[in-house]
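after the sequence you'll find the predicted model.
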Amino acid sequence: MCNDYEQNVAWAAYRAAMKAADLAISDRQSERDLPRAADVRIGDIAPVARQADDLVELQPMQFGMRSSNLRRSAIFNFRSEGRHFTNSRRCLIPASAFFEFSGNRYPKTRHRFSLSTSSVMAIAGIWREGQGNESAAFAMLTIAPGLDVAPIHNRQVVVLRPDDWRAWLELSAPEEELLRPLPAGSLAVELVRQGAPEEPGPI
């Protein structure tokens, strides 16, 4: 599951990508609303794009939503298959890359996935308002892996096609059409860290 991603999207690139996706952004916002981070981990605050009337606004939110079961940890990934999101608060999570880990020993091997043709990635998410003094919080939706991720991990986050950004926010298309892997070759994978050697299996 994805518990770590990179947010190095430049403000100019974000504005251009939103314009190309026919999404209007607030004139009141600037690069200050899209802070960069080499790693965004569970519990960190990061910018999330959500609908606000006819505009799409960036709002700082915590990565990981509080579970209704107090014994459970924060919900940072949310399985999308077989679910409907009509009554959910839907969002786009700007990212330049996400990380997946492989191996059965720590430290695990770390892999970086970025788009092959763009510096701006939008991950499908849902969000909730905070309670009391808590920040609003978000989780990433997951699906079965596409061909680019399958050799590394058995799940992946939903990276939306730019043509589907508006459709996800407005849910103007069926979920199964929006929440699907990208075609093979859409994601570039980079080995960031080689992990510890695998433990040998039983003889």
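Looks like it arrived, so ask away.

now stretch 87-106: buried residues?
Residues of stretch 87-106 classed as buried: 90-101 (neighbour count, 16 or more other C-beta atoms under 10 Å). Where you see a C-beta, it was placed from the backbone N, CA and C, and this is true even at glycine.

closest to Val192 among the residues you listed?
Val192 has its nearest neighbour among the buried residues of stretch 87-106 in Phe99, at 7.1 Å by C-beta to C-beta.

ok, the closest one touching Cys2?
Yes: using C-beta atoms under 8 Å, Phe99 is in contact with Cys2, at 7.0 Å.

measure the residue nearest in space to the middle of the chain to Asn133 for me?
The centre of the chain sits closest to Ile123, judged by C-alpha atoms, centre = their mean, with a distance of 3.5 Å. The gap separating Ile123 from Asn133 is 27 Å, by C-beta to C-beta, to the nearest Å.

quick one: average pLDDT of the lengthiest helix in the chain?
Criterion DSSP state H: the longest helix present in the chain is helix 11-20. The predicted model gives helix 11-20 an average pLDDT of 98.

buried sites along that helix?
Applying 16+ other C-beta under 10 Å to helix 11-20 flags 13-15, 17-18 as buried.

next secondary structure after that helix?
strand 37-41 (DSSP states H and E).

contacts for that next one?
3-8, 44, 46, 63, 95, 99 (C-beta atoms under 8 Å, 6 or more residues apart in numbering).

what's the answer for stretch 191-199, then?
99, 101-112.

also stretch 82-90?
50-51, 124-129, 168-169, 171, 175.
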